[in-house]
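Asks: sequence plus the predicted model coming up.
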Amino acid sequence: MSNKSQFLSVVDDEPDIMSLFKEALYQRGDTHVFGFINSTLALEHFRLHQLDYCLILSDYRMPMMDGMELLKKVKTINPSVRTILISAFEVNDEVFEQCNCVDAFLQKPISIPDLIDAVEIQIASGK
């Protein structure tokens with residue numbers, strides 16, 4: 001695929017949240033939106049299509065590989081991909097100081113318009 005058909009992934013171990021965010025972002029119409037409830041599968045998909053990706057949005061607390069670890073691996077593979085970490089839990093500044101792999105942080109619950117705005121900002125800043 002060409003870079004004009006950019007990929008975006010929503011990674012959240014809660015299927016309902018992943019589906020809600022995926023559907024909302026799909027409505028934007030200018031990216032192919034993928035949803036994953038397993039961060040390992042999300043990373044594999046990213047590895048296969050790394051040049052097509054513009055953004056990955058990931059929940060922080062997930063089994064097997066948390067969102068911070070996922071985004072760190074993503075940035076190692078392709079540093080130009082924008083990343084958003086999202087969590088229902090408070091995340092202190094020390095977490096972000098440990099890793100410069102997060103471009104934006106969103107606190108759950110988040111409204112769909114705020115989610116879309118944050119994604120728009122990150123995609124625009126990555127161009």
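Replies: On my side now, so go ahead.
Asks: list the buried ones in stretch 101-110?
Replies: C101, V102, D103, A104, L106 (16 or more other C-beta atoms under 10 Å). Yep, even glycine has a C-beta here, placed from its N, CA and C like the rest.
Asks: likewise for stretch 25-44?
Replies: L25, T31, V33, F34, G35, F36, I37, S39, A42, L43.
Asks: what about P15, neighbour count?
Replies: 10 (other C-beta atoms under 10 Å).
Asks: residues touching the closest residue to it other than its chain neighbours, list them.
Replies: Of all residues not flanking P15 in the chain, I37 sits nearest, at 5.4 Å (C-beta to C-beta, 6 or more residues apart in numbering). The contact partners of I37, taken as C-beta atoms under 8 Å, 6 or more residues apart in numbering, are V11, D12, D13, E14, P15, M18.
Asks: from D30, how far out is I37?
Replies: 24 Å (C-beta to C-beta, to the nearest Å).
Asks: over to I112?
Replies: Taken as C-beta to C-beta, the span from I112 to D30 is 17 Å.
Asks: for the residue sitting nearest the centre point of the chain, which three-state class applies?
Replies: The residue lying closest to the centre of the chain (C-alpha atoms, centre = their mean) is L57, at 1.4 Å. Classification of L57 using DSSP: H, G, I helix; E, B strand; the rest coil returns strand.
Asks: isn't it up against M18?
Replies: No. Applying C-beta atoms under 8 Å, one finds L57 not in contact with M18, separated by 9.8 Å.
Asks: what do the two both touch?
Replies: With C-beta under 8 Å, 6+ apart as the test, L57 and M18 both reach V10, V11.
Asks: now the buried residues of stretch 25-44 as CSV including pLDDT?
Replies: What follows is the buried residues of stretch 25-44, written out as CSV (pLDDT from 0 to 100):
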residue, pLDDT
L25, 96
T31, 92
V33, 97
F34, 98
G35, 98
F36, 98
I37, 98
S39, 97
A42, 98
L43, 98
